[in-house]
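>>> A structural model of the following input is requested.
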Amino acid sequence: MNRLSHPFGPLFNEESRVLILGSFPSVKSREQNFFYGHPQNRFWKVIAALAGALVPQTIEEKKELILSNHLALWDSIASCEITGSSDSSIRNATANDISVILDNSKVERIYCNGRKSHELYQRYIEPAIGRPAICLPSTSPANAQWTLDKLIEAWAEIME
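Predicted structure coming up:
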């Protein structure tokens, strides 16, 4: 099992109000050097539905969708040992320092995309910053018991 470092930085601007944290980029995301790169991950479909927008296809369209809706993206993990894209294989994780986002934006609420991200957030990040995060159901294709419609319903609170 190789130790990998997060290959890209956070996506946010000074108007971001909601931070969404994944766990660690999938193989496809690492190849694309951008968030939620696996075509079966439903993240972009969920965000587009909530924003009343078309599903973005390019990285530039994805950046625009996130920033124009006052969202921010990053991951809980800065580096870890991982097999492929499997969250359950993550070992020896080191947390990302999210203070760069919090200090340079208007983030009021923090959400985690899935249990692994939330577990690591609670273990490493929350004690350092003293701010809780809300766990949302994972948009990963591995979370097959959640339909797209159920995900959209559960994720709706990020836009409130």
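>>> C-alpha from now on. contacts and neighbour counts both.
Will do.
>>> List the buried residues of stretch 102-119.
102, 105-107, 110-118 (16 or more other Cα atoms under 10 Å).
>>> Could you pull out the helices in this protein for me?
Remark: helices assigned in the chain by DSSP state H are 27-32, 43-51, 59-68, 99-102, 115-120, 126-129, 148-155.
>>> among these, which is nearest Ser16?
helix 59-68 (6.8 Å; Cα to Cα).
>>> Summarise which helices and strands that closest one is packed against.
Contact partners of helix 59-68 among helices and strands, from 3 or more Cα pairs under 8 Å, 6 or more residues apart in numbering; DSSP states H and E: none.
>>> Show me what counts as buried in it.
The neighbour-count check on helix 59-68 (16+ other Cα under 10 Å) flags 62-63, 65-67 as buried.
>>> And for stretch 140-147, what's in contact with it?
By Cα atoms under 8 Å, 6 or more residues apart in numbering, the residues outside stretch 140-147 that reach it are 40-43, 137.
>>> I'd like to know how far Leu102 sits from Gly130.
12 Å (Cα to Cα, to the nearest Å).
>>> for the chain, what spans make up the strands?
Ranges of strands within the chain are 3-5, 18-22, 71-75, 77-81, 91-95, 109-113, 134-136, based on DSSP state E.
>>> Take those strands and write them to CSV, including mean pLDDT and distance to Leu148.
Putting the strands of the chain into CSV (pLDDT from 0 to 100; distance: least, Cα to Cα, whole Å) gives the following:
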stretch, mean pLDDT, distance to Leu148
strand 3-5, 92, 30
strand 18-22, 98, 18
strand 71-75, 97, 20
strand 77-81, 94, 26
strand 91-95, 93, 29
strand 109-113, 98, 14
strand 134-136, 98, 13
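>>> can you list these in TSV and add distance to Leu11?
Output for the strands of the chain, formatted as TSV (distance: least, Cα to Cα, whole Å):
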stretch	distance to Leu11
strand 3-5	17
strand 18-22	9
strand 71-75	5
strand 77-81	15
strand 91-95	17
strand 109-113	14
strand 134-136	19
